[in-house]
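Chemist: Structural data only, the sequence is not supplied:
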């Protein structure tokens, strides 16, 4: 409830602002690389599951 009352729409930055904030951290580029690799592996897993899984 406090976040709703104190929210300023002009201060919100969206996904790009969140990723820039992570990038600016000491290990930020490594975290972003790990995130990207994880999303790619998850996409490959979902593609393989869609291809080879059987519906019951």
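Modeler: Now that the structure is in, tell me what you want to look at. Since this is a predicted model, take the numbers as computed values, not measurements.

Chemist: Reduced to three states, what does the spatially most central residue of the chain come out as?
Modeler: Geometric centre of the chain, nearest residue: residue 35, 6.9 Å, by Cα atoms, centre = their mean. At residue 35 the chain is in helix, as set by DSSP: H, G, I helix; E, B strand; the rest coil.

Chemist: roughly how far apart are it and residue 41?
Modeler: 11 Å (Cβ to Cβ, to the nearest Å). For the C-beta atoms, the positions are set from N, CA and C on the backbone; glycine is no exception.

Chemist: Low-confidence regions, this structure specifically.
Modeler: The chain contains residues with pLDDT under 70 at 1-4, 9.

Chemist: Quick one: the helices in it, in order.
Modeler: In the chain, the helices defined using DSSP state H lie at 2-6, 14-23, 28-52.

Chemist: what angle sits between the second one and helix 28-52?
Modeler: Looking back up the chat, that one is helix 14-23. 130 degrees (axes from the mean of the first three to the mean of the last three Cα atoms, to 10 degrees).

Chemist: for helix 14-23, packing partners?
Modeler: Using 3 or more Cβ pairs under 8 Å, 6 or more residues apart in numbering; DSSP states H and E as the contact definition, the elements that helix 14-23 packs against are helix 28-52.

Chemist: Run through who's touching stretch 29-45.
Modeler: Counting by Cβ atoms under 8 Å, 6 or more residues apart in numbering, stretch 29-45 makes contact with 19, 22, 23, 25, all of which sit outside it.
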